[in-house]
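# Generate coordinates for the sequence data below:
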Amino acid sequence: MSKRIKRTLCLVLVFALAFMMPIAAPAEAKKKAKKKAVKLSKSKISLSVGKKKKILVKNVKAKKVTWSVDKKAKKKKIVKLSKKTKKSVTIKALKKGKAVVTAKIKKGKKTWKKKIKVTVTKKKNITISSVSVLNSRTIQVKLSGAQALSAGNITVKTKNYANGTYNRTLKIMSVTSADKKTWTITLDAESAIYETDYVQVTIRKLKGSGTVSKQVVFSRGVFNYTDTMIYTDEVNEYVSHSFSADGFGFSTYSASGLPAGVTAKMSDSGSSLKFSGKPTKAGVYKSKVVAKDELKNSYTYDVIWLIGSSNTIAAAYAPKYAVVSTKGTYYIDTDIYKVGGSGSYNYAIQGNAYGLTVDESGSLAGTLPAAGTYNIRVLVTDRENPSIRTTATLTVSLQAGRTLSGIVKDAKGNPLPDAYVYFSNKNRANRYQTYGSAYTDEKGAYSVRLVDGTYEAYASGYDAEGAIVNVTVKSSRSGLDFTLPVYPVTVVANTAGVDMTKFGTWRDNEGDSYGSGSKLYLKAGSYSLSSSYSDFLTDYVAKVNVTVNSATTTVTAAITTKSRVTGNVTEEVPLNVSWTSADYSDYKYYKFVPKTTGTYYFSWNGDVSADVTLYDTDGDYCSSSYGSTGNFSYTCTAGSTYYVRMENESYEARSTTLTVSKTAPVTDAGEEE
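As a prediction, this is how the structure comes out:
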């Protein structure tokens with residue numbers, strides 16, 4: 001192959017390879033160059049007065065960086081530069097305005113100038129945006145900006161009247177927030193907020209605003225209530241009924257379907273609706289009254305008028321709406337309303353009684369077996385004229401509801417016996433159930449039956465209440481547990497041989513209870529508590545002083561004892577027994593030791609109704625009697641110990657004379673009793 005041909009082939013190959021090589025797009029190359037260019041982390045920022053921002057130098061290891069502020073902004077002191085290094089600077093906003101911060105960046109012989117445009121805005125003052133009362137012990141506060149709060153800079157007060165003074169300060173238990181903007185304030189159990197209360201929340205040291213207060217009125221919402229009223233009157237007799245709705249403040253009223261001869265008119269005070277007139281015809285009449293209160297709640301009443309006459313009996317039962325128990329049954333006991341005839345009636349259930357019985361007054365009572373609607377018909381017959389009769393029907397509507405169950409626990413997760421769980425239906429107009437409640441058993445377990453709806457629920461006991469939570473009921477469920485903020489504390493005696501489990505309820509000076517026996521349940525804090533119990537002849541009193549926190553497990557009780565034996569009674573020696581106004585309810589015990597074995601007579605005579613009982617040394621019953629004058633006998637063993645217990649049942653300061661003799665007492669007539 002010639003040199004020319006070889007050269008030609010090489011050139012072709014070079015051009016071919018050149019075309020095969022990838023050619024970087026101009027945009028991509030420009031992007032890469034920009035990414036590697038010397039620059040600052042921000043070219044434009046906005047700060048409110050008092051805020052700071054750190055700016056970084058990027059893509060260069062500068063030998064020197066000089067930071068500066070334009071002359072105009074520097075003179076007005078709009079921003080301040082601090083922590084100036086070759087890598088960064090911190091810009092602090094001082095005053096509202098605009099500034100340009102320049103970074104002069106040197107590396108080798110090359111210098112870059114990079115600028116940041118800074119806009120400083122007025123300081124954002126944080127204030128209270130809104131206050132909402134979620135329930136009687138929970139308040140939600142929203143701030144205009146994020147800020148840390150504590151119970152120490154929040155005050156909550158309430159009052160009853162718009163023009164009143166906030167005299168009542170509530171105790172705050174906790175203040176919590178997830179974002180420092182929306183805060184939940186939980187109140188102490190004794191600091192409940194009541195409906196229509198004016199609530200004022202004051203927050204101190206809000207940034208830029210200082211102290212800010214906001215007021216709200218607590219309302220649980222607007223409801224439409226329904227109920228039944230029954231009136232009993234005589235035909236052609238003047239009637240006068242004052243009808244007041246259960247609402248808040250003054251209400252407006254409207255009435256329709258009244259019996260002939262009866263009219264309805266607002267009272268002069270404006271607080272009630274007054275029915276008056278003379279009904280012209282006997283029978284059962286149904287009218288309707290609608291009331292609307294100041295909070296826009298409405299109350300619709302089905303008013304049943306029973307108008308009787310000498311030959312017409314009118315009778316009715318008020319309908320019942322309820323939820324069955326956890327056993328699926330419902331116990332009912334309800335009275336009948338009746339008028340007319342002779343006024344004396346006989347009653348008999350007609351048809352299916354569903355297990356109910358009717359008594360001589362017409363009351364129906366018994367246990368209905370399951371959910372459903374029941375109509376129990378009762379025949380009412382005039383006793384003096386059986387041809388005069390009528391029938392009254394009791395309608396009972398029972399819902400099955402749902403079973404909710406769980407455990408109430410103490411602050412350490414242990415089950416709490418004798419705690420109380422309360423569910424308040426947020427729909428207060430529900431005819432079947434406005435609330436449900438239950439106590440826990442010895443294992444801390446509870447069970448309650450509720451109709452569908454949303455409830456506010458909490459547990460209480462041992463002078464403590466847990467947090468109020470919303471519970472939606474639409475199916476039965478278990479595992480709905482509650483926690484009370486109390487710690488279990490075991491009580492031990494400072495005296496050997498004392499069984500602390502025998503002691504009764506532990507109480508403070510205000511009478512609040514905190515447990516019984518050897519177990520206390522206490523919130524964090526300091527306490528002075530006492531308890532007592534009595535055996536046959538000794539009174540025991542226990543006192544504890546304890547400061548409780550999460551680490552407290554036991555406390556030692558100081559035990560004092562007092563003998564219940566007042567004194568001794570000797571054969572044939574009369575003994576005066578008296579009670580003062582201070583101890584009239586106390587038992588008096590007197591020790592008796594017979595010298596010989598035989599029958600002894602125990603007698604007393606005075607101005608007191610006494611209950612007198614004889615016990616042997618082990619506390620076993622021997623004999624007794626009662627009265628202001630009385631006696632009994634018992635065969636006693638020589639040298640054995642017996643105790644005469646005397647109780648004053650006159651319940652005031654009184655006295656009597658006790659005598660023990662082997663001779664039977666005689667009456668005033670000289671005869672043995």
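
# now the helices: where do they sit in the stretch 51-200 of the chain?
71-76 (DSSP state H, counting those that start in this stretch).

# elements contacting the helix or strand in which residue 556 is found?
Counting by DSSP states H and E, the element that carries residue 556 is strand 554-563. Judged by 3 or more CB pairs under 8 Å, 6 or more residues apart in numbering; DSSP states H and E, the packing partners of strand 554-563 are strand 487-493, strand 538-548. For the C-beta atoms, the positions are set from N, CA and C on the backbone; glycine is no exception.

# With mean pLDDT and mean neighbour count as extra columns, can I get those in CSV?
Formatted as CSV, the helices and strands packed on strand 554-563 follow (pLDDT from 0 to 100; neighbours: other CB atoms under 10 Å):
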stretch, mean pLDDT, mean neighbour count
strand 487-493, 96, 18
strand 538-548, 95, 17
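
# right, so of the ones you listed, which gets closest to residue 411?
For those, proximity to residue 411 was assessed by CB to CB; strand 487-493 is nearest, at 5.2 Å.

# what does the next helix or strand after that closest one rub up against?
Next helix or strand after strand 487-493 toward the C-terminus (DSSP H and E): strand 505-507. Strand 505-507 is contacted by residues 491, 513, 514, 515, 516, 520, 529, 530, 531, 544 when judged by CB atoms under 8 Å, 6 or more residues apart in numbering.

# Which one of these is nearest to residue 95?
Nearest to residue 95 among these, with distances taken as CB to CB, is residue 514, at 60.0 Å.

# Could you look up the SS state of residue 585?
Under DSSP: H, G, I helix; E, B strand; the rest coil, residue 585 falls in the coil class.

# ok now do it, which residues does it touch?
648, 651.

# can you do 7 Å?
Taking CB atoms under 7 Å, 6 or more residues apart in numbering as the contact definition, residue 585 lies against residue 651.

# cool, and residue 144?
126, 127, 129.

# how many neighbours does the second one have?
Number of residues near residue 127 (other CB atoms under 10 Å) recorded here: 16.

# Please report how far it lies from residue 179.
17 Å (CB to CB, to the nearest Å).

# just residue 571 next, same as before
For residue 571, the distance to residue 179 - CB to CB - is 87 Å.

# tell me the mean pLDDT over whichever helix or strand comes after the strand holding residue 556?
As assigned by DSSP H and E, the chain's next helix or strand after strand 554-563 is strand 565-568. For strand 565-568, mean pLDDT is 96.

# was I right about residue 336 contacting residue 315?
Yes - in this structure, residue 336 is within contact of residue 315 by CB atoms under 7 Å, at 5.9 Å.

# Need the overlap of contacts for those two.
Going by CB under 7 Å, 6+ apart, residues that sit against residue 336 and also against residue 315 are residue 392.

# quick one, phi/psi of the closest residue to residue 537 other than its chain neighbours?
Nearest residue to residue 537, sequence neighbours excluded (CB to CB, 6 or more residues apart in numbering): residue 564, at 5.0 Å. Torsion angles at residue 564 (phi, psi; degrees, to the nearest 10) stand at phi -90, psi 0.

# hang on, residue 564 packs against residue 591?
No - applying CB under 7 Å as the test, residue 564 and residue 591 come out as separate, 10.6 Å apart.

# ok, back up a step: which one of residue 336 and residue 315 has more residues nearby?
A count of neighbours by other CB under 10 Å puts residue 315 above the other of residue 336 and residue 315, at 26 against 21.

# give the contact list for the more buried one.
Residue 315 neighbours (CB under 7 Å, 6+ apart): 306, 336, 337, 338, 380, 390, 392.

# helices and strands around the stretch of helix or strand the fourth one belongs to, which ones?
Following DSSP H and E, one finds residue 338 within strand 337-339. The elements that strand 337-339 packs onto, with contact taken as 3 or more CB pairs under 7 Å, 6 or more residues apart in numbering; DSSP states H and E, are strand 224-234, strand 298-308, strand 314-316.

# Given it, what are its sheet partners and their directions?
In the sheet, strand 337-339 lines up against strand 314-316 (antiparallel) (DSSP bridges).

# Go ahead and measure how far the helix or strand following the partner strand is from the middle of the chain.
Reading on from strand 314-316 to the C-terminus, the next helix or strand found by DSSP H and E is strand 320-323. The chain centroid and the centroid of strand 320-323 are separated by 24 Å under CA atoms, centre = their mean, to the nearest Å.

# Would you mind putting the CA coordinates of strand 320-323 into PDB?
This file holds the C-alpha atoms of strand 320-323, laid out as PDB (Å, rounded to 0.1, in the frame of the first residue of the first chain):
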ATOM      1  CA  LYS A 320     -89.100   5.900  78.700                       C
ATOM      2  CA  TYR A 321     -86.000   6.000  76.500                       C
ATOM      3  CA  ALA A 322     -82.900   4.200  77.800                       C
ATOM      4  CA  VAL A 323     -80.000   1.800  77.000                       C
END
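
# any residues touching that strand, and which ones?
Residues from elsewhere that reach strand 320-323, judged by CB under 7 Å, 6+ apart: 330, 332, 334, 396-399, 401, 431-433, 449-451.

# next one: stretch 387-401
311, 313-317, 319-324, 330, 332, 334, 336, 341, 350, 364, 368, 371-382, 432, 449-451.

# Determine which stretch of the helices and strands packed on strand 337-339 is the most buried.
Each of these was scored by mean neighbour count; the highest is strand 314-316, a mean of 25, by mean count of other CB atoms under 10 Å.

# Check the offset of it from the chain's centre.
Using CA atoms, centre = their mean, the offset of strand 314-316 from its chain centre is 41 Å.

# What of stretch 633-641?
Distance, centroid of stretch 633-641 to centroid of chain: 58 Å (CA atoms, centre = their mean).

# CA-only coordinates of it, as PDB, when you get a sec.
C-alpha atoms of stretch 633-641 as PDB (Å, rounded to 0.1, in the frame of the first residue of the first chain):
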ATOM      1  CA  SER A 633     -79.500 -12.800 133.400                       C
ATOM      2  CA  TYR A 634     -76.600 -15.000 132.500                       C
ATOM      3  CA  THR A 635     -74.700 -17.800 134.200                       C
ATOM      4  CA  CYS A 636     -71.200 -16.700 134.800                       C
ATOM      5  CA  THR A 637     -68.100 -18.700 135.800                       C
ATOM      6  CA  ALA A 638     -66.100 -17.600 138.800                       C
ATOM      7  CA  GLY A 639     -62.800 -15.900 137.900                       C
ATOM      8  CA  SER A 640     -63.700 -15.400 134.300                       C
ATOM      9  CA  THR A 641     -63.700 -12.000 132.700                       C
END
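
# For that stretch, buried residues please.
By neighbour count on 16 or more other CB atoms under 10 Å, the buried set for stretch 633-641 is 633, 636.

# What of stretch 389-399?
Buried residues in stretch 389-399 (16+ other CB under 10 Å): 389, 390, 392, 394, 396, 398, 399.

# now stretch 237-245
Of the residues in stretch 237-245, 239, 241, 243, 245 count as buried by neighbour count, 16+ other CB under 10 Å.

# Check stretch 523-535 too.
Buried residues in stretch 523-535, counting neighbours by 16+ other CB under 10 Å, are found at 523, 527, 529, 530, 531, 532, 533.

# doesn't residue 512 make contact with the second one?
No - taking contact to mean CB under 7 Å, the distance of 9.8 Å between residue 527 and residue 512 leaves them out of contact.

# quick one on the thing from earlier: taking the buried residues of stretch 389-399 one by one, which sit in strands?
Within the buried residues of stretch 389-399, residues falling in strands by DSSP state E are 389, 390, 392, 394, 396, 398, 399.

# tell me which of these is nearest to residue 657?
Residue 657 has its nearest neighbour among those in residue 394, at 60.7 Å by CB to CB.

# Could you give the bridge partners of the closest one?
Beta-bridge partners of residue 394, as defined by DSSP bridges: residue 376.

# How much space separates it from residue 476?
In terms of CB to CB, residue 394 sits 29 Å off from residue 476.

# And for residue 223?
26 Å.
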